[in-house]
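Student: model the following, please.
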Amino acid sequence: MKCGHVLYIGAVDEFYFDAATAMPPSRAAREAYAAALNEGWAGPGRLYTLGRRSRMLLDAARQSVAESLNVRADEVTFTSSGSQAVHYGLLGMAHGLGRDAEILSSQVEHSAVLHAAAWYADRGGTTDSIPVDRLGRIDLGVLPPLGDDPSVVAVQSANHEVGTRQPLSTLRHRLDGRPWVCDAAASLPWEPVEDGWSVLTGSARKWGGLAGCGIMVVRTGSRWRLPFPGDDASPQEAVGEVNVPAAVAAAAGLRHAVEQRRAQADRVRALAEQLRNEISETVTEVEMPGDPDDCLPNIVTFSCLGVDGEVLLTELNREGFSVSSGSACASNRFRPSHVLSAMGVLSHGNVRLSLHYDTTEAEIDQFLNTLPKVVNRLRALGRD
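Tutor: Numbers count the residues shown, from 1 in each chain. Model prediction:
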């Protein structure tokens, strides 16, 4: 068994509905990666010719990402993953504020944020959480007031499990200049991010780049400092050696995503609405958490009462559907989703469908034809 969308080794994936984990790599990203392998494999920090070639590719990739995000090139740092970007971004801001800094994070942040906050607390740092409502949206009414002690706030742009957007514009005004770290991994393939953040993070594989590359954008003037052992350096120098071909592919994939997302968002949203409507009509005792309207266009999450989520994922995979669960894999067992638990909704047995740019109506129809049969079969087995 593997964590993610493939649970049944014998199945052949035909219908991929797990883009929130990884978008299928775009042709632009694949071609850029292949080309960069020939010229960008040497260390970009070296002064010899091969190193300078790698550096030129890396600088061009950074400039491309900056143009896609409307930021400065010197604010962009490539990391080895989205999780590394979150860890360096959040802990770097807390470290830059000083020993008394507090980390405030929403209860529905990605586990990478929660792990960073826990690591900070284990070393004597102060942390607190921001609760959410039943839709997964932060409760700004209970946001701790600004005090004398410095603090950094971690609030994602939109939730990676249920798709609910966060009220970023209102949050920005409430923060009144307090540093804000925004994990935008889920939303970057679909829409621009509200301005006002100090650090923005993302993962290339979620917008059609390749795994093994993330981005961290640190705004000029932010009090970021290296939070881990090493020389006090700029963010670009602090993260260590960069996989240049992966960075080039990430830049090409992001540029393609930014060009495509406006046209694709409306089409994919219509498919997601079809899923919500027909699942509600054809499957009894189903719960669909998250905001159905103010949300990302591609995520549909549901829980079928009386059906084990791991078994449902396995059976759907037997039918050729690659889907995911909000629950986190831990060795050979599932843990309840911390996101759904924080929302106060059913946290066991949930299934997340996340569509991508190439998802078709025929694939949606096939899933809607298959799901009720699988659920009814599993429920019948449970009654025997």
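Student: so G344 touches P131, yeah?
Tutor: No. Counting by CB atoms under 8 Å, P131 is not a contact partner of G344; they are 9.7 Å apart. Every residue, glycine included, has its C-beta placed from N, CA and C.
Student: now the strands for this protein?
Tutor: In the chain, the strands defined using DSSP state E lie at 15-16, 76-79, 102-106, 126-130, 151-154, 180-183, 199-203, 214-218, 286-287, 299-304, 321-322, 328-330, 333-335, 350-354.
Student: buried ones in the fourth one, by neighbour count?
Tutor: Pointing back at strand 126-130 there. T127, S129, I130 (16 or more other CB atoms under 10 Å).
Student: and it with strand 102-106, angle?
Tutor: Computed by axes from the mean of the first three to the mean of the last three CA atoms, to 10 degrees, the angle separating strand 126-130 from strand 102-106 equals 20 degrees.
Student: from D74, how far out is V300?
Tutor: According to CB to CB, to the nearest Å, V300 stands 39 Å off from D74.
Student: between those two, tell me which one has more neighbours.
Tutor: Taking neighbours as other CB atoms under 10 Å, V300 and D74 compare with V300 leading, 24 against 14.
Student: just grab the bridge partners of the more buried one for me.
Tutor: Applying DSSP bridges to V300 gives these bridge partners: L353.
Student: for the stretch 51-200 of the chain, give me the ranges with low pLDDT.
Tutor: When residues are selected by pLDDT under 70, those of the stretch 51-200 of the chain lie in 144-149.
Student: where do the helices sit along it?
Tutor: According to DSSP state H, counting those that start in this stretch, the stretch 51-200 of the chain carries its helices in the segments 82-97, 111-122, 168-175.
Student: which strands and helices sit next to the shortest one?
Tutor: Counting by 3 or more CB pairs under 8 Å, 6 or more residues apart in numbering; DSSP states H and E, the packing neighbours recorded for helix 168-175 are strand 180-183.
Student: name the helices or strands packed onto the strand it packs on?
Tutor: For strand 180-183, the packing partners by 3+ CB pairs under 8 Å, 6+ apart are helix 82-97, helix 111-122, strand 151-154, helix 168-175, strand 199-203.
Student: mind checking the ones you listed for the one nearest to A28?
Tutor: Closest approach to A28 among these (CB to CB): strand 199-203, 16.8 Å.
Student: right, and V153 touches L175 too?
Tutor: Yes. Using CB under 8 Å, V153 is in contact with L175, at 6.2 Å.
Student: looking at the two, which is more packed in?
Tutor: Legend: neighbour count by other CB under 10 Å for V153 and L175, higher for V153 (26 against 20).
Student: now the strands of the chain in CSV, with distance to N277?
Tutor: Below are the strands of the chain laid out as CSV (distance: least, CB to CB, whole Å):
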stretch, distance to N277
strand 15-16, 19
strand 76-79, 39
strand 102-106, 29
strand 126-130, 32
strand 151-154, 34
strand 180-183, 30
strand 199-203, 30
strand 214-218, 35
strand 286-287, 12
strand 299-304, 10
strand 321-322, 19
strand 328-330, 29
strand 333-335, 28
strand 350-354, 13
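Student: contacting residues around V351?
Tutor: By CB atoms under 8 Å, 6 or more residues apart in numbering, the contact set of V351 is T301, F302, S303, C304, G309, L312, L313, L316, V323, S324, S325.
Student: 7 Å - rerun?
Tutor: F302, G309, L312, L313, V323, S325 (CB atoms under 7 Å, 6 or more residues apart in numbering).
Student: tell me the spacing between it and H115.
Tutor: The separation that V351 has from H115, given CB to CB, amounts to 24 Å.
Student: which strand residues bridge G202?
Tutor: I215.
Student: need the contact list for F321.
Tutor: F15, F17, F367.
Student: hey, what's it bridged with?
Tutor: Beta bridges link F321 to F15 when assigned by DSSP bridges.
Student: distance of it from S303?
Tutor: 17 Å.
Student: so G196 sits right up against H173, yeah?
Tutor: No. Contact criterion CB atoms under 7 Å: G196 and H173 do not qualify, at 8.5 Å.
Student: so those two - more neighbours on which side?
Tutor: Neighbour totals were compared for G196 and H173, and G196 leads with 15 against 11 (other CB under 10 Å).
Student: which residue packs closest to the more buried one, ignoring adjacent ones?
Tutor: Nearest non-adjacent residue to G196, counting by CB to CB, 6 or more residues apart in numbering: R172, 3.6 Å away.
Student: for G163, same thing?
Tutor: Distances taken as CB to CB, 6+ apart place I299 nearest to G163, at 3.4 Å, with adjacent residues excluded.
Student: residue contacts, the one you found?
Tutor: A20, V162, G163, R352, S354.
Student: for the fourth one, what are its contacts?
Tutor: Contact analysis of R352 by CB under 7 Å, 6+ apart lists A20, E161, I299, T301, V323, S324, S325, G326.
Student: on that earlier part again, top of the contacts of F321 by neighbour count?
Tutor: F17 (25 neighbours).
Student: wait, that residue touches L355, no?
Tutor: Yes. Between F17 and L355 there is a contact at 6.4 Å, judged by CB under 7 Å.
Student: which of the contacts of V351 lies closest to Q236?
Tutor: For these, the minimum distance to Q236 (CB to CB) is 36.1 Å, reached by S325.
Student: quick one: that closest one from W207, how far?
Tutor: S325 is 22 Å from W207, by CB to CB.
Student: now A158
Tutor: A158 is 14 Å from W207, where distance means CB to CB.
Student: between these two, who's got more neighbours?
Tutor: Neighbour tally, A158 and W207, criterion other CB under 10 Å: the higher count belongs to W207, 30 against 26.
Student: P245 against A35, yeah?
Tutor: No. Applying CB under 7 Å, one finds P245 not in contact with A35, separated by 8.4 Å.
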